[in-house]
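S.K.: Pasting a predicted model and its sequence here:
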Amino acid sequence: MAHERPVRIERRLSAILAADVAGYSRLMHLHEEATHAKLTALLADAVNPAIAEHRGRIVKNTGDGFLAEFPSAVEAVRAAVQFQTRIKELTIGEEHRRITFRVGINIGDVIVEPHDVFGDGVNIAARLESIAEPGGICISASAYDQVRGKVGAEFADMGEQNLKHIASPIRAYAMLGDGSNLTIQGARAKPNLLSPPRLSIVVLPFLNLSDNSEQDYFVDGVTESLTTDLSRISGSFVIGRHTAFTYKGKAVDLKQIGRELNVRYVLEGSVQRGGNRLRVNVQLIDAETGNYLWAERFDELVADLFDMQDEIVSRLANTLNTQLIEAEARRAERSLNPDALDLFFQGEACLNKGMTSEYMMQGRRFYERALALEPANVDALVGTGRVDVTCASTSMADNRDALLAAAEAALTKALSMAPRHALAHLFLGVVQMVTNRPAQGIRECEQALTLDRNLAEAHACIGLGKYFLGLGAETEAHVNEAFRLSPRDTGAFRWMQFIGIAKLQIGADAEAIAWLQRCLEANRNHALAHFQLAAALALLGKRDQAQAAVNAGLALNPTFTIRRLRTTASNDNAAYLAGRERICEGMRMAGVPEA
């Protein structure tokens with residue numbers, strides 16, 4: 001007996017569009033013949049032409065709707081936008097009798113027959129259609145990944161949806177606009193109508209892992225203080241502690257928390273005390289994906305618990321500021337249409353990479369693009385001032401006076417718009433320090449600390465101000481306060497440099513070498529520190545090592561000269577001038593070009 005050959009099942013990856021008429025039964029009950037006639041006309045005049053134009057085919061009609069297949073998600077979405085817009089135009093003035101379609105679109109591997117398609121890919125499209133608003137389009141994450149930036153439309157993230165008869169939650173997106181006045185703002189999308197704000201975070205109550213429940217007060221204090229301090233980060237959106245504490249003691253789904261609170265990041269942690277030591281563990285999580293972005297552990301001796309709490313919180317706040325900016329910059333890099341804030345974060349990330357003219361200029365270009373989009377963006381304005389004063393004060397450019405004038409103008413303008421902007425006060429203080437106003441500059445840095453007590457950079461810059469006042473012996477104490485607040489700061493290499501030049505000022509050349517070597521171990525790309533190290537080595541008679549340091553500096557900044565160094569700061573303080581002359585003499589002995 002002959003064996004029957006198995007039937008070959010055809011499968012392919014397709015974009016499936018499911019649509020039906022919203023409230024069809026009601027419309028048929030009110031105006032049966034008129035509704036049927038109108039639906040037939042809309043299918044002929046709007047739907048069928050759009051589907052054909054975008055290389056789709058109607059697989060089957062379902063009475064009040066239809067199922068269509070497309071070769072790509074882009075074509076499916078474009079067709080849907082086209083016929084939804086056309087239907088809206090054709091039904092103007094028919095508010096109570098208007099026919100509107102709900103549309104769902106998904107990409108899936110489907111079973112194909114001549115007059116039907118089957119599979120989960122089809123079922124998901126149908127379920128997405130059921131949660132779309134009348135006149136709306138709802139697409140799956142797989143479709144969204146394909147069409148983002150290609151269809152001239154924006155989407156609202158609806159989060160993960162539990163769809164009927166679909167085993168796993170499906171992330172859905174509702175279309176907000178298409179450039180043709182098609183506005184779809186579904187009630188179901190309203191809880192997540194807008195993407196979570198940038199730098200949005202919730203600090204969940206830290207866990208007390210100690211045997212002693214009496215330590216709860218300290219653990220809660222860390223959580224509350226960190227919530228307060230993170231809110232000082234410019235542009236941050238931090239969920240209030242009263243809301244955060246509603247999750248205390250509960251088993252939580254971090255992605256669910258992100259959706260409920262509409263935040264991008266979740267910070268969780270634990271505190272454990274053992275003997276005379278205290279251990280704090282923290283993790284930063286991307287609330288959308290559940291991925292861990294950063295983790296850190298702090299081990300400290302128990303002294304005064306409240307002092308320790310302040311120190312732990314300060315360190316966390318400083319480190320998290322950098323980590324959040326990096327995370328936002330990575331998101332911005334993936335954006336096809338970055339806005340001013342996206343560009344600002346990318347500028348900040350460039351500056352965090354190191355102090356080279358290349359990174360400085362890259363950062364400044366991002367700030368300029370942000371200001372072109374949003375001229376009143378204070379953070380970008382402060383960014384340009386930061387770049388200009390840095391380049392002017394570290395011998396990266398010859399046009400020192402023009403850069404400092406531009407920096408002071410930008411920072412003054414920023415403070416006129418945002419008088420409590422701590423970083424604007426800080427960098428204005430640095431401008432004043434290098435333009436013969438060090439006492440005034442120190443006061444600006446102190447004002448910055450009044451506004452943000454965790455601003456470690458302000459302590460370091462006060463130490464720099466003491467150097468410009470000829471009080472180099474006092475610099476180290478101020479910089480050490482910066483290290484206490486932010487021991488792993490991305491700018492810590494500059495703080496070591498501040499101590500190094502202060503030691504040169506007071507003739508402590510061996511200590512200067514140690515600090516400048518530490519600076520360069522932290523960042524080999526800091527050209528000025530190479531030349532300063534060369535000076536210290538030459539002053540101690542280590543000519544060969546000094547020449548090697550000069551060569552390393554010139555490789556990074558071949559235009560550097562002693563004459564340029566003399567112009568990095570205008571100052572009439574006798575002790576400062578004597579110390580600078582010492583450094584210049586050391587550079588001359590090491591072989592740094594004079595001019």
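M.R.: It's in. In this text the structure is predicted, and so the values were computed from the model without any measurement.
S.K.: For the rest of this, base every contact and every neighbour count on C-alpha atoms.
M.R.: Noted.
S.K.: Low-confidence regions, the protein specifically.
M.R.: Counting by pLDDT under 70, the chain has low-confidence residues at 1-8, 95-96, 165, 177-195, 214, 234-235, 302-311, 334-337.
S.K.: mind running it again at 50?
M.R.: Applying pLDDT under 50 to the chain picks out residues 1, 177-194.
S.K.: Show me the strands in it, by range?
M.R.: Secondary structure of the chain, counting by DSSP state E: strands at 11-21, 57-61, 65-70, 101-113, 116-118, 137-140, 154-161, 170-177, 200-203, 207-208, 237-238, 265-274, 277-286, 292-301.
S.K.: how about those in CSV, adding mean neighbour count and distance to R315?
M.R.: Compiled in CSV, those are given as follows (neighbours: other C-alpha atoms under 10 Å; distance: least, C-alpha to C-alpha, whole Å):
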stretch, mean neighbour count, distance to R315
strand 11-21, 23, 49
strand 57-61, 16, 60
strand 65-70, 21, 54
strand 101-113, 24, 46
strand 116-118, 16, 56
strand 137-140, 29, 41
strand 154-161, 21, 33
strand 170-177, 23, 36
strand 200-203, 24, 15
strand 207-208, 20, 19
strand 237-238, 20, 18
strand 265-274, 20, 14
strand 277-286, 18, 11
strand 292-301, 14, 9
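S.K.: Please produce JSON lines containing the ones you listed, extended by distance to A422.
M.R.: Written out in JSON lines, the entries for the strands of the chain read as follows (distance: least, C-alpha to C-alpha, whole Å):
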{"stretch": "strand 11-21", "distance to A422": "51"}
{"stretch": "strand 57-61", "distance to A422": "60"}
{"stretch": "strand 65-70", "distance to A422": "54"}
{"stretch": "strand 101-113", "distance to A422": "48"}
{"stretch": "strand 116-118", "distance to A422": "60"}
{"stretch": "strand 137-140", "distance to A422": "43"}
{"stretch": "strand 154-161", "distance to A422": "34"}
{"stretch": "strand 170-177", "distance to A422": "37"}
{"stretch": "strand 200-203", "distance to A422": "20"}
{"stretch": "strand 207-208", "distance to A422": "32"}
{"stretch": "strand 237-238", "distance to A422": "17"}
{"stretch": "strand 265-274", "distance to A422": "24"}
{"stretch": "strand 277-286", "distance to A422": "25"}
{"stretch": "strand 292-301", "distance to A422": "26"}
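S.K.: of those, which approaches Y467 most closely?
M.R.: Judged by C-alpha to C-alpha, the one of the strands of the chain that comes nearest to Y467 is strand 292-301, at 31.9 Å.
S.K.: and the spatially most central residue of the chain, what is it in contact with?
M.R.: The structure's the chain has its C-alpha centroid closest to E328; by C-alpha atoms, centre = their mean the separation is 1.4 Å. Taking C-alpha atoms under 8 Å, 6 or more residues apart in numbering as the definition of contact, the neighbours of E328 are R198, L199, D342, F345, Q346.
S.K.: Sort out for me which of these are in helices.
M.R.: Secondary structure from DSSP state H places D342, F345, Q346 of these in helices.
S.K.: Convert the C-alpha atoms of stretch 327-343 to PDB, please.
M.R.: What follows is the C-alpha trace of stretch 327-343 in PDB, where atoms were taken according to Å, rounded to 0.1, in the frame of the first residue of the first chain:
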ATOM      1  CA  ALA A 327      23.100  55.500  31.000                       C
ATOM      2  CA  GLU A 328      21.200  58.400  29.600                       C
ATOM      3  CA  ALA A 329      24.000  59.100  27.100                       C
ATOM      4  CA  ARG A 330      23.800  55.500  25.900                       C
ATOM      5  CA  ARG A 331      20.000  55.900  25.400                       C
ATOM      6  CA  ALA A 332      20.500  59.200  23.500                       C
ATOM      7  CA  GLU A 333      23.000  57.500  21.100                       C
ATOM      8  CA  ARG A 334      20.200  55.200  20.000                       C
ATOM      9  CA  SER A 335      17.800  58.000  19.400                       C
ATOM     10  CA  LEU A 336      17.200  58.900  15.700                       C
ATOM     11  CA  ASN A 337      15.900  62.300  16.600                       C
ATOM     12  CA  PRO A 338      17.700  63.500  19.800                       C
ATOM     13  CA  ASP A 339      16.300  66.500  21.600                       C
ATOM     14  CA  ALA A 340      18.200  69.100  23.600                       C
ATOM     15  CA  LEU A 341      18.400  66.900  26.700                       C
ATOM     16  CA  ASP A 342      19.600  63.900  24.700                       C
ATOM     17  CA  LEU A 343      22.400  66.100  23.300                       C
END
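S.K.: How far off centre is it?
M.R.: Chain-centre distance of stretch 327-343: 7 Å, with C-alpha atoms, centre = their mean, to the nearest Å.
S.K.: Tell me how many other residues crowd T289.
M.R.: If you count neighbours by other C-alpha atoms under 10 Å, T289 ends up with 12.
S.K.: wait, it sits on K255?
M.R.: Yes: taking contacts as C-alpha atoms under 8 Å, T289 lies within contact range of K255: 6.9 Å.
S.K.: Phi and psi next, for N454.
M.R.: For N454, the backbone dihedrals (degrees, to the nearest 10) come out as phi -90, psi 10.
S.K.: tell me the contacts of it?
M.R.: By C-alpha under 8 Å, 6+ apart, the contact list for N454 reads D229, S314, A317, N318, L485.
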